[in-house]
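Peer 1: no FASTA, just this:
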């Protein structure tokens, strides 16, 4: 009985030290310490880990069958460029841990994006509020990153959002050609047809071949 109590205390201490938080629906958030604890990952049954940083993070437990998705942020590749891939990975590999250096910054933003896209939250604001309450602390998200999240969530909630990502959008065909040159030729053809009809009505033999617009 004492051994069981000691083991339970060890589990509790390890989980508290790693600062892992369950956000529901198979998504966990933490700083990088959470991804380093083999014990915690196995205890939670984690199948996928998303790491978000300015540099590559080692895939420490890939040999255990855990899938990794490494996101490297740079001025040329901001977080908004990665949100679709993060959400796709998290949906395929649950339970999934999403982490960054603080566990309160870009990882929170990615979790909010996933919650909205999966329909668990109606918009980015409520999603971040739920995460803030779950981690019981402030979130560190810049104005630019907030704008990127808002744009992603708005597109995800749009009726054409998911279908637009599944393939190229098919535009409705115009009655008239779109370029000015082709439009002019089209209109010239209409005028020629009207001229031909007028001559035919007057008993004319029609237009010579040189009058037709190719």
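Peer 2: Good, I have the coordinates. In this text the structure is predicted, and so the values were computed from the model without any measurement.

Peer 1: contacts, neighbours, all on C-alpha from now
Peer 2: OK.

Peer 1: I'd like the next helix or strand past the helix or strand hosting residue 29.
Peer 2: Using DSSP states H and E, the element containing residue 29 is strand 27-30. The C-terminal neighbour of strand 27-30 among helices and strands, as given by DSSP H and E, is helix 32-36.

Peer 1: ok, residue 131 - contacts?
Peer 2: Contacts of residue 131 were listed using CA atoms under 8 Å, 6 or more residues apart in numbering, and they are 23, 108, 112.

Peer 1: Which stretches in the protein count as helices?
Peer 2: Secondary structure of the chain by DSSP state H: the helices cover 2-18, 32-36, 38-44, 83-92, 106-117, 124-135, 143-157, 161-166, 180-201.

Peer 1: Break this structure down into its domains, please.
Peer 2: Recorded structural domains for the chain (assignment: automatic domain parsing) are 16-158, 175-203.

Peer 1: Packed most tightly, which of those domains would that be?
Peer 2: Ranked by mean neighbour count, the domains of the chain are led by domain 16-158 with a mean of 18 (mean count of other CA atoms under 10 Å).

Peer 1: For that one, give the mean pLDDT please.
Peer 2: Mean pLDDT, computed over domain 16-158, is 94.

Peer 1: still on that earlier bit, and the strand holding residue 29, which strands flank it?
Peer 2: With DSSP bridges as the test, strand 27-30 is paired with strand 21-24 (antiparallel), strand 96-100 (parallel).

Peer 1: out of the ones you listed, nearest to residue 39?
Peer 2: Closest approach to residue 39 among the strands paired with strand 27-30 (CA to CA): strand 96-100, 13.8 Å.

Peer 1: what's the angle from that closest one to helix 83-92?
Peer 2: Counting by axes from the mean of the first three to the mean of the last three CA atoms, to 10 degrees, strand 96-100 lies at 140 degrees to helix 83-92.

Peer 1: circling back to that earlier point, got the contact list for the strand holding residue 29?
Peer 2: With contact meaning CA under 8 Å, 6+ apart, strand 27-30 is reached by 18-23, 90, 94-100, 102-104, 107-108, 111.

Peer 1: Kindly report the same for stretch 95-103.
Peer 2: For stretch 95-103, the external contacting residues (CA under 8 Å, 6+ apart) are 25-32, 34-35, 44-53, 90, 106-107, 110-111.

Peer 1: swap the cut-off to 7 Å and go again
Peer 2: Contact with stretch 95-103 is made by 26-32, 45-53, 90, 106-107, as judged by CA atoms under 7 Å, 6 or more residues apart in numbering.

Peer 1: Pull up the distance across it, start to finish.
Peer 2: From its first residue to its last, stretch 95-103 covers 17 Å (CA to CA, to the nearest Å).

Peer 1: what pairs with residue 69 across the strands?
Peer 2: Bridge pairing for residue 69 - DSSP bridges - gives residue 50.

Peer 1: going forward, begin numbering at 597 instead of 1
Peer 2: OK, 597 is where the count begins now, so the last one is residue 665.
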